[in-house]
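Novice: build the 3D model from these lines:
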Amino acid sequence: MKTVIIYRSKHGSTKEYAEYIYKNISGSEIFSVDKFDINTLDSYENVILGSSVYGGHTFYKDFLIKNWETLKGKRVFVFAVGMLDKDHTNSKSEYESIPEDIRGNIQYVKLPGRIVFTKLNLFEKFIIKMIESKEKLSVDEMVDLQKANSVIFYFNKKK
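Specialist: Okay, the predicted model is just below:
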């Protein structure tokens, strides 16, 4: 089965997960969303979309809506990468913003990201400090590649 991994990464964590998944799903292909040729989407049976959550938004919501006619017959798995826990209100609302008819036909997982403070601009540093103090978060949380195994197991199991 032909599998494509399409991702958008702001600071590198999502790319790291996408590459880990790519290395563990035999025969898969990987593209940054900016390099993916949308005209080839129909040639894949499995589609994995990964996105950083930035400002409460991901790229895949619009991608799913715009391309649902092509995607709806495929196995689709979406992963979001961000600093807020999967049970946080903002994480839930981001997922729930995907139309219900699409949500019911995809797999989804929220994965922890990493913040490299030195890579952030001044505004991003300010926002992170505000969120960190309000949410009692540790911005030193590291990417946990093992948490991406749910994506790998889903596509490596027999259909």
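Novice: dump the residue contacts of S52.
Specialist: R8, S9, K10, H11, S13, T14, T58, A80, V81, G82, G113 (CB atoms under 8 Å, 6 or more residues apart in numbering). Where C-beta positions appear, they are placed from N, C-alpha and C, glycine not excepted.
Novice: go through these and flag which are in helices.
Specialist: S13, T14 (DSSP state H).
Novice: and the buried ones among the contacts of S52, selectable in ChimeraX?
Specialist: A single ChimeraX command selects the buried members of the contacts of S52 (16 or more other CB atoms under 10 Å):
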select :8,9,10,11,13,14,58,80,81,82,113
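Novice: how about JSON lines for the contacts of S52, with distance to S51 and pLDDT added?
Specialist: Converted to JSON lines, those look like this (distance: CB to CB, whole Å; pLDDT from 0 to 100):
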{"residue": "R8", "distance to S51": "5", "pLDDT": "92"}
{"residue": "S9", "distance to S51": "8", "pLDDT": "89"}
{"residue": "K10", "distance to S51": "9", "pLDDT": "78"}
{"residue": "H11", "distance to S51": "12", "pLDDT": "72"}
{"residue": "S13", "distance to S51": "11", "pLDDT": "86"}
{"residue": "T14", "distance to S51": "6", "pLDDT": "92"}
{"residue": "T58", "distance to S51": "4", "pLDDT": "83"}
{"residue": "A80", "distance to S51": "6", "pLDDT": "91"}
{"residue": "V81", "distance to S51": "7", "pLDDT": "90"}
{"residue": "G82", "distance to S51": "9", "pLDDT": "80"}
{"residue": "G113", "distance to S51": "11", "pLDDT": "74"}
